[in-house]
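A.B. asks: Provided below for reference: sequence and predicted model.
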Amino acid sequence: EPEVTQTPSHQVTQMGQEVILRCVPISNHLYFYWYRQILGQKVEFLVSFYNNEISEKSEIFDDQFSVERPDGSNFTLKIRSTKLEDSAMYFCASMQPGTSGTDTQYFGPGTRLTVL
Amino acid sequence: LAKTTQPISMDSYEGQEVNITCSHNNIATNDYITWYQQFPSQGPRFIIQGYKTKVTNEVASLFIPADRKSSTLSLPRVSLSDTAVYYCLVGPNDYKLSFGAGTTVTVRA
């Protein structure tokens, strides 16, 4: 079964450093998402991306965050200057709209970001 | 997005059927009901989705009454590996997913 993959599985960085989290969505999917989950808390939506542009973003997704689909397979999340509170699991998801109207987002295994 | 209410936790034993009911009184006409499962330190995993009546797949069944104001996820004959957090989400399909706290299901031997 096709799956979403994410690299790295764990990223440790110093506060103020830039990080890039990488995702390879399922190949024929058109919608891409980033979510995050702070330890012990809910999964929170960050951003959705379709047709090479952001379709929606949450309040969390401020100017420090950006997303990019640099080629036909990768989807990246960049945090320009990390803060301690950015420490979380970051999940990528992708979706292909179905003809029956039932669509599902498929999640990757996540990248654990630790900011020191 | 429709607000959902589901129990915080449920305990069960291996081999039993687990039913988790989710309330979504303000569900909209174009909203679907989707359930996800999440194990610790893993991404949410899609279980089942429905719009009305009953949907069944190899993992679970989803029961939706005619008014669609609630839904029940049914997990038949659970095993220890079904211990996880289960999320009920309601919304249109091309939209962001809004996760609540979910229901922590603990299956004991």
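C.D. replies: Received it, and whenever you're ready, just let me know what you need.

A.B. asks: neighbours around the closest residue to chain B within chain A, how many?
C.D. replies: Residue of chain A nearest chain B, by Cβ to the nearest Cβ: A:Phe107 (3.4 Å). (Each C-beta comes from the backbone N, C-alpha and C, glycine too.) A count of nearby residues for A:Phe107, using other Cβ atoms under 10 Å in any protein chain shown, gives 24.

A.B. asks: Check it and give its pLDDT.
C.D. replies: Listed pLDDT for A:Phe107 reads 95.

A.B. asks: Do I have it right that it meets A:Met89?
C.D. replies: No. Judged on Cβ atoms under 8 Å, A:Phe107 makes no contact with A:Met89 at a distance of 10.5 Å.

A.B. asks: list the contacts for B:Gln42?
C.D. replies: Each residue near B:Gln42 by Cβ atoms under 8 Å, 6 or more residues apart in numbering or on different chains is listed here: A:109-110.

A.B. asks: Secondary structure element holding it?
C.D. replies: Using DSSP states H and E, B:Gln42 sits in no helix or strand.

A.B. asks: The spatially most central residue of chain A: what secondary structure?
C.D. replies: Among the residues of chain A, the one closest to the centroid is A:Trp34, at 2.8 Å (Cα atoms, centre = their mean). Taking DSSP: H, G, I helix; E, B strand; the rest coil as the rule, one finds A:Trp34 in the strand state.

A.B. asks: rewinding a little: kindly tell me how buried the residue nearest to the residue of chain A closest to chain B when sequence neighbours are not counted is, as a neighbour count.
C.D. replies: In space, A:Phe107 comes closest to B:Gly43 once its chain neighbours are excluded; the distance is 3.4 Å by Cβ to Cβ, 6 or more residues apart in numbering or on different chains. Number of residues near B:Gly43 (other Cβ under 10 Å) recorded here: 24.

A.B. asks: again with A:Tyr50
C.D. replies: For A:Tyr50, using other Cβ under 10 Å, the count is 15.

A.B. asks: Phi first, then psi, for the residue lying closest to it once chain neighbours are set aside.
C.D. replies: Spatially, and ignoring its direct neighbours in sequence, A:Tyr50 is nearest to A:Tyr31 (5.1 Å; Cβ to Cβ, 6+ apart). With angles defined as degrees, to the nearest 10, A:Tyr31 sits at phi -110, psi 140.

A.B. asks: Is A:Tyr31 bridged to anything, and to what?
C.D. replies: Beta bridges link A:Tyr31 to A:Tyr50, A:Met95, judged by DSSP bridges.

A.B. asks: pretty sure it contacts A:Cys92?
C.D. replies: No. Using Cβ under 8 Å as the test, A:Tyr31 is too far from A:Cys92 to be in contact (11.5 Å).

A.B. asks: more crowded one of those two?
C.D. replies: For A:Tyr31 versus A:Cys92, the count of surrounding residues by other Cβ under 10 Å is larger for A:Cys92: 29 against 20.
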